[in-house]
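> Okay, sequence plus prediction incoming.
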Amino acid sequence: MKKEDCFYLGRVAKTHGLKGEVTIKLEADDPSAYLEMKHFFLEINKVLTPFFVEKITPNGDKFFVVVQDVKTIEQAQNLVGKSVYLPLEMLPKLSGKQFYFHEIVGFTVIDSEKGELGPISEVLEYPTQAILQVMKGKKEILIPILDQVIQKVDRDKKLLYITAPEGLIDMYLQ
């Protein structure tokens with residue numbers, strides 16, 4: 001499994017108990033969506049390594065997990081701090097205006113005033129704001145990802161409809 005075919009779910013935060021159980025700290029809006037996972041991948045030496053789940057016990061945004069073939073606290077300690085990944089197909093489906101950043105790269109952006117702007121080349125994630133990087137020819141347009149900006153996501157046609165803040169697009173196209 002390649003890392004680009006997966007999404008980051010969280011990390012192994014610590015051991016739990018004395019029999020090899022680990023605590024996975026999830027970075028997910030809805031942890032319950034992952035209660036049925038049968039396996040996950042840990043990044044070990046820059047390689048995604050599969051681990052199989054025997055039992056999951058939810059605890060808020062954490063899971064206590066019994067991992068197959070991990071039976072001692074020492075074995076579990078070797079997993080602490082590792083990043084946890086799942087295949088992209090295990091992401092819960094979104095609808096309406098919701099989207100995953102990776103899924104909209106390549107979508108064409110249509111502004112309610114300026115019309116077709118161009119394809120999304122990347123989603124830039126900053127600590128305070130995520131931003132769409134849209135290329136109109138050779139010009140870059142940066143558009144904030146905000147509820148009031150995003151109007152509609154058409155997954156079938158790969159279109160993202162927006163209403164950009166007044167003057168924003170003109171600022172890039174001058």
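Great, that's in hand.

> Following element in sequence after whatever helix or strand Gln75 lives in, please.
Element membership for Gln75, per DSSP states H and E: helix 73-77. Reading on from helix 73-77 to the C-terminus, the next helix or strand found by DSSP H and E is strand 83-87.

> which other residues reach the following helix or strand past that following strand?
Sequence-wise, the next helix or strand downstream of strand 83-87 (DSSP H and E) is helix 101-104. Defining contact as Cβ atoms under 8 Å, 6 or more residues apart in numbering, one finds that helix 101-104 is touched by Phe7, Leu88, Ile120, Val123, Glu125, Ala130, Leu132, Val153, Arg155, Leu160. In this view, the C-beta of every residue, glycine as well, is placed from N, C-alpha and C.

> switch to 6 Å and redo it
Ile120, Val123, Leu160 (Cβ atoms under 6 Å, 6 or more residues apart in numbering).

> next one: stretch 11-19
With Cβ under 6 Å, 6+ apart as the criterion, stretch 11-19 contacts 22-25, 64, 73, 76-77, 79-80, 82-84.

> Stretch 158-174 now?
By Cβ under 6 Å, 6+ apart, stretch 158-174 touches 104, 107-112, 114, 139, 141, 143, 149-153.

> Show me which positions of stretch 92-106 end up buried.
Phe99, Ile104 (16 or more other Cβ atoms under 10 Å).

> Check the offset of that stretch from the chain's centre.
10 Å (Cα atoms, centre = their mean, to the nearest Å).

> Could you report the neighbour count for Pro127?
Applying other Cβ atoms under 10 Å, we find 4 residues neighbouring Pro127.

> Make sure Glu122 is actually in contact with Gln133.
Yes. If you go by Cβ atoms under 6 Å, Glu122 and Gln133 touch, sitting 4.4 Å apart.

> what residues do the two have in common as contacts?
Joint contacts of Glu122 and Gln133 (Cβ under 6 Å, 6+ apart) do not exist.

> immediately after the lowest-mean-pLDDT helix or strand in the chain, which helix or strand?
The weakest-scoring helix or strand in the chain, judged by mean pLDDT, DSSP states H and E, is helix 101-104 (a mean of 87). As assigned by DSSP H and E, the chain's next helix or strand after helix 101-104 is strand 108-111.

> Any buried residues in the helix or strand just after that next one, and which?
Next in sequence after strand 108-111, counting helices and strands by DSSP H and E, comes strand 115-125. For strand 115-125, burial by neighbour count (16+ other Cβ under 10 Å) applies to Leu117, Pro119, Ile120, Val123.

> Now the two most distant members of those.
Leu117 and Val123 (14.9 Å; Cβ to Cβ).

> okay, who's weakest in the contacts of helix 101-104 by pLDDT?
Of all these, Val123 has the smallest pLDDT value, namely 93.
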